[in-house]
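Trainee: Fold the following for me, if possible:
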Amino acid sequence: MSKLGNIGARLYRGEVGYDFIGKRKIWYGISILITITAIVGLAVRGLNMGIEFSGGAVFTTPKTSVSSSEAEHKAEAAAEGHQAVVQKLGNGGLRIQISELDTEQSVPVQEALAKDLNVPVKDINTQLVGPSWGEEIANKAWMGLGIFMVLVVIYLAIAFEWRMALAALIALIHDLTITVGVYALVGFEVTPGTVIGLLTILGYSLYDTVVVFDSLKEASRDATKQTRFTYSELANRSINSTLVRSINTTVVALLPVAGLLFVGGGLLGAGMLNDISLALFVGLAAGAYSSIFIATPLVADLKERDPAMKALAKRVRQKRAAAAAKAGGPERPEGAAADAVDEDGPQDADDAEDTAVAGSGMVGQRHQPASRGRGRGRPSGKRR
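Mentor: Coordinates of the predicted model:
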């Protein structure tokens, strides 16, 4: 078995682990900082809306020796201050996009471009996009997003519970905010391709979150009937058991998207690839982060406020305190190593160590005591 596979198996069995829930305040702080940065970027720079939303004209020219930067200056001069975006096409031609340009303004701009680029006017293809079409697309996108959110909350509330539905909704909003903020900071155009990318990452983020929630639901099914683990510790076990799966899924999903973004968009200059791949790349990474560091810790926080889970945590602490007292040592805090005494009688040493290590994040890791070599109850002395 590979090293990663061995680690994954040990994580799944609870032999090792990391205390994600115990350090949740750190993750909350990081998310708040990133979200504030995204909101500030959105407020200061705003989104660079494409002509599909703002309206404008697209001029496609035949092969020309004029560079993209030079053509951009000429197009903005011809359009009298309107912003222009120029892309070099594979056949050597140019795609010149000028926002907020109406039909009357497009004719003189086309003639000026033909003169500056030294190409015939009839060879320049012109496409006009009205702002009303973009507004209709935006409204439908918002409607689709709202319907998606409502259905997600209803499904999670039925399949799991309302706390998980609320945590998943917060995680989805977290992913959207970060992705939109990155678009504002980078300055990429917002096109229908961007909308497609945003809606795609919502499904991926939700999938990764549901995988962890399903594991947590199974682990906490009879949580109140035992006194070995608190709900937060069970949530931490669930994250660790699905950690390698989440990492593998994220890496496999990010590799082709990174190829689209950095190779297709960066080297080949494919505009539509940039629009989709940036949203996918940022959203997939944010979705994997939020499912582990945001959604599940939020569920644990909300669940620990429940009276039944408060009572469970109290019983666990009492049990561990009794185990520490029986062992002859001082009372130890929750998560410290100690033999545990169940309500119906003493546990064996292995179960006690499972209970003890759970609170520290190294869930279920066992160490053989030095005295285990001697049998229990065997009298000391020489054998006759």
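
Trainee: Where does pLDDT dip in this structure?
Mentor: Applying pLDDT under 70 to the chain flags residues 1-16, 90, 131, 133-134, 264-273, 328-384.

Trainee: For Thr200, see how far away the spatially most central residue of it is.
Mentor: Note on the chain: the residue nearest the mean C-alpha position is Gly287, at 1.4 Å, using Cα atoms, centre = their mean. Separation of Gly287 from Thr200 (Cβ to Cβ, to the nearest Å) stands at 10 Å. Any C-beta I mention is one placed from the backbone N, CA and C, and that applies to glycine too.

Trainee: following the strand or helix carrying Met164, which helix or strand comes up?
Mentor: Assigned by DSSP states H and E, Met164 falls within helix 162-186. Going down the chain from helix 162-186, the next helix or strand is strand 189-190, by DSSP H and E.

Trainee: what's that next one in contact with?
Mentor: Defining contact as Cβ atoms under 8 Å, 6 or more residues apart in numbering, one finds that strand 189-190 is touched by 47-50, 53, 85, 183, 271, 275.

Trainee: pretty sure Ser291 contacts Thr209?
Mentor: Yes: with contact defined as Cβ atoms under 8 Å, Ser291 and Thr209 form a contacting pair (4.2 Å).

Trainee: Show me the common contact partners of these two, please.
Mentor: Ala171.

Trainee: hey, where'd the strands end up in the stretch 1-150 of the chain?
Mentor: For the stretch 1-150 of the chain, the strands defined by DSSP state E, counting those that start in this stretch cover 48-49, 56-60, 84-88, 94-99, 125-129.

Trainee: Just the endpoints, please. Distance across stretch 73-88?
Mentor: End-to-end distance of stretch 73-88 (Cα to Cα, to the nearest Å): 14 Å.

Trainee: Any chance you could list what contacts that stretch?
Mentor: 56, 59, 66, 68-69, 71-72, 94-101, 105, 108-109, 112-113, 116-117, 189, 269, 271.

Trainee: Pull out the buried residues from those residues.
Mentor: Using 16 or more other Cβ atoms under 10 Å as the burial test, those include 56, 59, 66, 71-72, 94-101, 105, 109, 112-113, 116-117, 189, 271 as buried.

Trainee: What is the nearest of the contacts of strand 189-190 to Ser31?
Mentor: Nearest to Ser31 among the contacts of strand 189-190 is Tyr183, at 18.2 Å by Cβ to Cβ.

Trainee: Can you tell me how far that closest one is from Ala141?
Mentor: In terms of Cβ to Cβ, Tyr183 sits 14 Å off from Ala141.

Trainee: When these two are compared, which one has more neighbours?
Mentor: Taking neighbours as other Cβ atoms under 10 Å, Tyr183 and Ala141 compare with Tyr183 leading, 25 against 17.

Trainee: what ranges do the helices span in the stretch 201-350 of the chain?
Mentor: Ranges of helices in the stretch 201-350 of the chain, per DSSP state H, counting those that start in this stretch, are 231-241, 243-258, 271-290, 296-303, 307-326, 349-358.

Trainee: most tightly surrounded among those helices?
Mentor: Neighbour counts (mean count of other Cβ atoms under 10 Å) averaged over each of the helices of the stretch 201-350 of the chain peak at helix 231-241, with a mean of 26.

Trainee: Let me know the distance separating the residue nearest to the centre of the chain from Gly93.
Mentor: 38 Å.

Trainee: Check the burial of Val186 by counting its neighbours.
Mentor: Quick note: Val186 (other Cβ under 10 Å) scores 13 neighbours.

Trainee: for Asn125, what are its contacts?
Mentor: Here Asn125 is in contact with 59-60 (Cβ under 8 Å, 6+ apart).

Trainee: Recalculate using a threshold of 10 Å.
Mentor: Taking Cβ atoms under 10 Å, 6 or more residues apart in numbering, we find Asn125 in contact with 58-62, 93, 95, 110.

Trainee: Among those residues, find the one with the greatest number of neighbours, please.
Mentor: Phe59 (25 neighbours).

Trainee: In the sheet, which residues pair with the closest residue to that one other than its chain neighbours? Tell me.
Mentor: Spatial nearest neighbour of Phe59, excluding adjacent residues (Cβ to Cβ, 6 or more residues apart in numbering): Ile96 at 4.3 Å. According to DSSP bridges, the residues that bridge with Ile96 are Phe59, Val86.

Trainee: Pretty sure Ile96 sits against Val109.
Mentor: Yes: look at Ile96 against Val109 with Cβ atoms under 10 Å: they come within range, at 9.0 Å.

Trainee: Met49 against Gly187, yeah?
Mentor: No: in this structure, Met49 is not within contact of Gly187 by Cβ under 10 Å, at 11.5 Å.

Trainee: higher neighbour count, those two?
Mentor: Met49 (19 against 11).

Trainee: Near the closest residue to the more buried one other than its chain neighbours, how many other residues are there?
Mentor: The shortest distance from Met49 to any non-neighbouring residue, by Cβ to Cβ, 6+ apart, is to Val190 (5.2 Å). Val190 is flanked by 22 other residues according to other Cβ under 10 Å.

Trainee: cool, Gly203 as well?
Mentor: Around Gly203 there are 11 residues (other Cβ under 10 Å).

Trainee: what sits against it?
Mentor: Contacts of Gly203 by Cβ under 10 Å, 6+ apart are 148, 152, 287.

Trainee: Leaving out chain neighbours, which residue sits closest to the second one?
Mentor: Ranked by Cβ to Cβ, 6+ apart and with sequence neighbours excluded, the top spatial neighbour of Val152 is Leu206, at 6.2 Å.
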